[in-house]
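In: Next comes the sequence, and after it the predicted model I'd like to discuss.
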Amino acid sequence: MFPTPIEKTSRTWQLTYQALLPLALLLWLLPLIAVAMFSIKSSADFAAGNYWGMPTSFELFNNYGKVFFESQMPRYMLNSFFITVPTVIGAIALSSMTGFALGVYKFKSNLWIFFMFIAGNFVPFQILMVPVRDLTIGLGMYDTKLGLVLFHIAFQTGFCTLFMRNFIRALPFELVEAARVEGIAEWRIFWYIVLPLMKPALAALSVLIFTFIWNDYFWAVVLTQGPSAQPVTAGITSFNSQFVAQYHLMSAGSIVAALPPVAMFFLMQKHFIAGLTLGAVK
Amino acid sequence: MTSLATDTNTPHQKGWYRRNEIKLTPWLFLLPGILFFSVYVIVPIFQSFWISFHEWDGLGEKVFVGFDNYERLASDRKFEVSFWNNLKWLFMYLLAIPAGLFIALLLNQKVWGIRLYKSMFFFPFVLSQVVVGLVFSWFYLPREGLLNAVLVMVGMEPVNVLGHPDTATYGIIAAGLWPQTAYCMILYLTGLNAVDPEQVEAARLDGAKGLKMLWYVILPQLRPATFIAFVVTIIGALRSFDLISVMTNGGPFGSTRVLSFFMFEESLSEFGFRMGYGAAIAVVLFMLMLCFIGYFLWSMYQEEKGAH
């Protein structure tokens, strides 16, 4: 193990390390702690210039209540859900099929198609912006959730295919061969043999894609404009202009907006990290 | 279940599909994915190239202007600033890799509660860039911000990070480095977990320690993690848009623009849509990215060749 395990070092270093950890964490999360503190203060504190002293009153429920009941925030959150969940399902459905095709079958253009998916996944969004916006308007889907969902599914298929294909490659191929000898139809091999083995990959990808799409901002601004379809990342801008310079409410608003992916991460940590670090170990 | 029964009962009358099943199946499985991906990703890349040779407001007729848009770019001050800022982003963002390695080394221990520490260090990565941008712009606020409160406390002059053209870009990059470092950290933590303990012990017996051990024994084993950290950091640096849009909106005096933001501004600006010009900027950004994509794919190709 590297660095040297702490148990094998001197007593002083052990104690320093134990003291250092919480301090480092505090420093690391300082900007976030600041925002969390803002969000429980009252407007009176801000007016009096009491930014960092003790809050004179504890306004957690008041501030967060305002976010939920006096703004469009719940609406934006709901939009985000209705954009994110269908995208996760769609992208996973498409890419488990493409991943299966590229991972199991040998044919000439296999590697080229695989590289097309990877390359497309790295492309800067801006090169797609004008044509995709034009296409979405042409389909009558500008400022709708569906328009955003369709694009996200298509784009995420690139990353998901990379992931699924590599995962399937690592499965024992003898299973497929044995099934073929039995004369089982190819689509049944996919459905009854490969798909059940892909459960960890499906879980990891769902969590990852959920976070990516929930956090998307660029496409939300390009393809939507009003509270009827805008997800929370874009909606927070109008939220902030509603409560301009009221830092206690803006802070509460952004904490609420950030919560679902954070909750997702802490609940599904194992899958999340497994997905993110795929390929980091040989 | 009925189809399975008929398939096995009539092996002599295999249809055309059954005979070519192994050849056809991959294409049937690929079809929906390729269709979606082509319509929304592959074809638009070429369309953007095509649009960049036109003047177009997004609604009316496109007017072919040849290389005019690119010539205009060459003499556009805003383009120059954006391009240099992109390079700043690229170089500064790479700091996330050593910083991530440093934190990973710090946390690669087995003490009580270390798992919670690891997740707490990682979780800024889960926040959306919009929230990170807001959090940092409040952190930097000249009057209310915590940064200046701390600076004043230790007896230094307060600074207006985002209000000054010389510091604004660096302020935004620092905000971006926060989640990016967390990402690199988790990659390295996973990598360190898989380092061969026997090699480490052997090196220790030979007297290797500290930095020497890190450089000659550990880092070579972390190569896959470094490669991925490099890929995601480069892509992240060139994709920077959200932070700039949220924190400064390109200001002050346009000093924090990067190509991706500049492109968005030109295409959907309030002074009319200049889609052709925007597309030309996007093409330049794409070309910049293509150098890296080419390198990544080449590395992956070498690996694929090695695997089979």
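Out: Cool, the structure landed.

In: OK, contacts around the residue most central in space within chain B?
Out: Centrality entry for chain B: nearest residue to the mean C-alpha point is residue B:236, 2.1 Å, by CA atoms, centre = their mean. Contacts were defined as CB atoms under 8 Å, 6 or more residues apart in numbering or on different chains; by that measure residue B:236 touches B:93, B:176, B:180. Every C-beta, even on glycine, is put in place using the N, C-alpha and C of the backbone.

In: does residue A:229 sit in a helix, a strand or a coil?
Out: Here residue A:229 is coil, with the state taken from DSSP: H, G, I helix; E, B strand; the rest coil.

In: and it, how far is that from chain B?
Out: Separation of residue A:229 from chain B (CB to the nearest CB, to the nearest Å): 17 Å.

In: Do a quick rundown of the strands in chain B.
Out: Chain-ordered strands for chain B, with DSSP state E as the definition, fall at B:54-55, B:63-64.

In: For the first one, which strands pair with it and how are they oriented?
Out: Okay, so that is strand B:54-55. Here strand B:54-55 is paired, per DSSP bridges, with strand B:63-64 (antiparallel).

In: coming back round to it: I'd like the contacts of residue B:236 laid out as CSV, including pLDDT and neighbour count.
Out: CSV is the format used below for the contacts of residue B:236 (pLDDT from 0 to 100; neighbours: other CB atoms under 10 Å in any protein chain shown):
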residue, pLDDT, neighbour count
B:93, 96, 21
B:176, 96, 26
B:180, 96, 25
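
In: thinking again about what came up before, what's the most buried one of the strands of chain B?
Out: Sort these by mean neighbour count, taking mean count of other CB atoms under 10 Å in any protein chain shown, and strand B:54-55 sits at the top with a mean of 18.

In: Run through who's touching that one.
Out: Outside of strand B:54-55, the residues within contact range by CB under 8 Å, 6+ apart are B:62, B:63, B:64, B:65, B:68, B:69, B:274, B:276, B:277.

In: which one among these gets closest to chain A?
Out: Proximity of those to chain A, judged by CB to the nearest CB, is greatest for residue B:276, which lies at 8.8 Å.

In: any idea how far residue A:232 is from residue B:135?
Out: Here the criterion is CB to CB, to the nearest Å. By it, residue A:232 lies 15 Å from residue B:135.

In: ok, these two, which is more surrounded?
Out: Applying other CB atoms under 10 Å in any protein chain shown to residue A:232 and residue B:135 shows that residue A:232 carries more neighbours, namely 32 against 26.

In: Touching, the more buried one and residue A:78? I think so.
Out: No: counting by CB atoms under 8 Å, residue A:232 stays clear of residue A:78, with 9.0 Å between them.

In: Show the contacting residues for residue 124.
Out: Since you didn't name a chain, this refers to chain A. For residue A:124, the contact set (CB under 8 Å, 6+ apart) comprises B:238, B:239, B:260, B:282, B:285, B:286, B:289.

In: actually it's chain B I care about, not the one you picked
Out: Neighbouring residues of residue B:124 by CB under 8 Å, 6+ apart: A:28, A:29, A:32, B:132, B:178, B:179, B:182.

In: Against residue B:145, how distant is it?
Out: From residue B:124 over to residue B:145 (counting by CB to CB), the distance is 18 Å.

In: Once you drop chain neighbours, what's closest to residue A:265?
Out: Beyond its immediate neighbours in the sequence, the residue positioned closest to residue A:265 (CB to CB, 6 or more residues apart in numbering or on different chains) is residue B:126, lying 4.5 Å away.

In: next one: residue B:143
Out: Ranked by CB to CB, 6+ apart and with sequence neighbours excluded, the top spatial neighbour of residue B:143 is residue A:51, at 7.6 Å.

In: where in chain B is pLDDT low?
Out: B:1-13, B:271, B:307-308 (pLDDT under 70).

In: Show me the strands in the stretch 101-250 of chain A, by range?
Out: All residues of the stretch 101-250 of chain A lie outside strands when identified by DSSP state E, counting those that start in this stretch.

In: Do a quick rundown of the helices in it.
Out: Under the criterion DSSP state H, counting those that start in this stretch, helices of the stretch 101-250 of chain A are mapped to A:110-122, A:126-138, A:145-169, A:174-181, A:186-188, A:195-197, A:199-214, A:218-223, A:232-242, A:247-267.

In: Compile those helices into a markdown table and extend it with columns for mean pLDDT.
Out: Output for the helices of the stretch 101-250 of chain A, formatted as a markdown table (pLDDT from 0 to 100):
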| stretch | mean pLDDT |
| --- | --- |
| helix A:110-122 | 92 |
| helix A:126-138 | 94 |
| helix A:145-169 | 94 |
| helix A:174-181 | 91 |
| helix A:186-188 | 90 |
| helix A:195-197 | 94 |
| helix A:199-214 | 93 |
| helix A:218-223 | 94 |
| helix A:232-242 | 90 |
| helix A:247-267 | 92 |
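
In: all helices of the stretch 51-200 of chain B, in order?
Out: Counting by DSSP H, counting those that start in this stretch, the stretch 51-200 of chain B has helices at residues B:68-74, B:77-93, B:96-107, B:114-122, B:129-139, B:146-153, B:165-193, B:197-205.

In: Check whether the fourth one comes near chain A.
Out: Yes: counting by CB under 8 Å from any CB of the partner chain, chain A is contacted by helix B:114-122 at B:117, B:119, B:120, B:121, B:122.

In: Now the buried members of those residues.
Out: B:117, B:119, B:121, B:122 (16 or more other CB atoms under 10 Å in any protein chain shown).

In: Can you get me a residue count around residue 261?
Out: Since no chain was named, I'll use chain A. Applying other CB under 10 Å, we find 25 residues neighbouring residue A:261.

In: The chain in question should be chain B.
Out: Other residues within reach of residue B:261, judged by other CB under 10 Å, total 25.

In: that older thread, when you check chain A, which of the contacts of residue A:124 turn up near it?
Out: Restricting the contacts of residue A:124 to those near chain A by CB under 8 Å from any CB leaves B:238, B:239, B:260, B:282, B:285, B:286, B:289.

In: quick one: which of the contacts of residue A:124 has the most company?
Out: The most crowded member of the contacts of residue A:124 is residue B:282, carrying 30 neighbours; neighbours defined as other CB under 10 Å.

In: Would you confirm that it contacts residue A:127?
Out: Yes: using CB under 8 Å, residue B:282 makes contact with residue A:127 at a distance of 4.4 Å.

In: shared neighbours, the two?
Out: Overlap between the contact sets of residue B:282 and residue A:127, as judged by CB under 8 Å, 6+ apart, is given by residue B:48.

In: Distance of the closest residue to residue B:180 other than its chain neighbours relative to chain A?
Out: Nearest in space to residue B:180, with sequence neighbours left out and distances taken as CB to CB, 6+ apart, is residue B:96 at 4.0 Å. Here the criterion is CB to the nearest CB. By it, residue B:96 lies 14 Å from chain A.
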